[in-house]
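Q: for reference, the sequence and a predicted model appear below.
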Amino acid sequence: MTIGVLVFPGSNCDHDAYHALKHVMGVETKFIFHKETDLSGIDAIIIPGGFSYGDYLRSGAIARFSPVMQAVQEFAAKGGPVLGICNGFQILLESGLLPGAMLHNQQLRFTCKQIYLRTESRNTVFTSEIPQNKILKVPVAHGEGNYYADEETLKKLIENDQIIFRYVGPNGENDSNYNPNGAIQNIAGICNESRNVLGMMPHPERAMESILGSSDGKYIFESLLKSLITA
Amino acid sequence: MYKALVNVTLRKSILDPKGKAAREALHNLGYSTIEDVRIGKFIEINIKADSEKEAEAIARDACSKLLANQVMEDFTIQITKV
């Protein structure tokens, strides 16, 4: 089993994702450069956080047209699991693999802190092993994480159970004060209709070891690895 | 050669926090008659084309594909001959 971590010029969480998978989870992990077009032998793709192509034009707008993203489109269409974290989520939105768009944080500031997540659906390969009712403590670090979708799209996301994570309080409180960026309906992560592509603003790969504040991110990678073993 | 002047702005239905912050600052400076500020992007493109129509079609295609994200942005194009 091999996990691929994409590397764009300006990615800066690629090594965190590599460390999380290779050293904490103990799974074979490979960096995949943005110019690559061959994803054969790769079982799942992580699109890491950072500032791909300097966030020029819009976050993720240029990365979307990179050669590797054409290959990821095909990989996802065949049902391959793709996890986009932070800038990775932005790239998935720009590429149309996920619906909606990302606006600047409501407060116009880059926000870097621990937040709390409620898993709204465990029916994905990334969330199946998250214990029921468990509130995850995971950090966010972004300036453009204010998820936006028009009413029609939002309705579809709800109907199809595609909202996967919402920002909540430490005890699961529904309160927009715990929303770090103004995202519509406190949305922190969504999946596609086929449920194999997940985008999330928080960084599970930075919550892998309790000495660093939280190990709740492991549930997400454990879910993914389990699904690949049983697949 | 044609020049396309492209304006990209957030859709009217979307709150523009940068515009709002600028409007507040202008109000603090005493510009009480300024009612609304919206901040967008201005993009200048030089296009080799045989006609204004062709240049506009190319600019429109470029905007739809890359320069604007129509989930959240609108754009306008103005073509001039250079």
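A: Here it is on my side, so go on. Residues are numbered from 1 along each chain as shown, chains lettered A, B, ... in the order given.
Q: which stretches of chain A have low pLDDT?
A: A:231 (pLDDT under 70).
Q: check what pLDDT B:L26 gets.
A: pLDDT, B:L26: 97.
Q: list the buried ones in the strand or helix carrying it?
A: Take DSSP states H and E as the rule and B:L26 turns out to sit in helix B:17-28. By neighbour count with 16 or more other Cβ atoms under 10 Å in any protein chain shown, helix B:17-28 contains the buried residues B:P17, B:G19, B:K20, B:R23. For glycine as for every other residue, the C-beta is placed from the backbone atoms N, C-alpha and C.
Q: roughly how far apart are the third one and A:I187?
A: Noted for B:K20: a distance of 22 Å to A:I187, by Cβ to Cβ, to the nearest Å.
Q: just put the buried residues of helix B:17-28 in JSON lines and tack on pLDDT.
A: Formatted as JSON lines, the buried residues of helix B:17-28 follow (pLDDT from 0 to 100):
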{"residue": "B:P17", "pLDDT": "86"}
{"residue": "B:G19", "pLDDT": "92"}
{"residue": "B:K20", "pLDDT": "91"}
{"residue": "B:R23", "pLDDT": "96"}
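Q: quick revisit: which element is encountered next along the chain beyond the helix holding B:L26?
A: strand B:41-47.
Q: and that following strand, average pLDDT?
A: 97.
Q: what comes into contact with it?
A: Identification of contacts with strand B:41-47 by Cβ atoms under 8 Å, 6 or more residues apart in numbering or on different chains yields B:1-9, B:55, B:58-59, B:62, B:67, B:82.
Q: could I get the buried residue list for it?
A: So for strand B:41-47, counting by 16+ other Cβ under 10 Å, buried means B:I43, B:I45, B:I47.
Q: farthest-apart pair in the contacts of strand B:41-47, please.
A: Maximum pairwise distance among the contacts of strand B:41-47 (Cβ to Cβ): 26.5 Å, between B:M1 and B:T9.
Q: between those two, which has more neighbouring residues?
A: B:T9 (19 against 9; other Cβ atoms under 10 Å in any protein chain shown).
Q: tell me the contacts of that one?
A: Shown in contact with B:T9 (Cβ under 8 Å, 6+ apart): B:D16, B:R38, B:I39, B:G40, B:K41, B:E73, B:D74, B:F75.
Q: and it, backbone torsions?
A: Phi and psi for B:T9, reported as degrees, to the nearest 10, are phi -130, psi 160.
Q: chain center to stretch B:15-24, what's the gap?
A: 16 Å (Cα atoms, centre = their mean, to the nearest Å).
Q: picking up where we left off before, got a markdown table for the buried residues of helix B:17-28, with distance to chain A too?
A: Converted to a markdown table, the buried residues of helix B:17-28 look like this (distance: Cβ to the nearest Cβ, whole Å):
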| residue | distance to chain A |
| --- | --- |
| B:P17 | 5 |
| B:G19 | 11 |
| B:K20 | 9 |
| B:R23 | 13 |
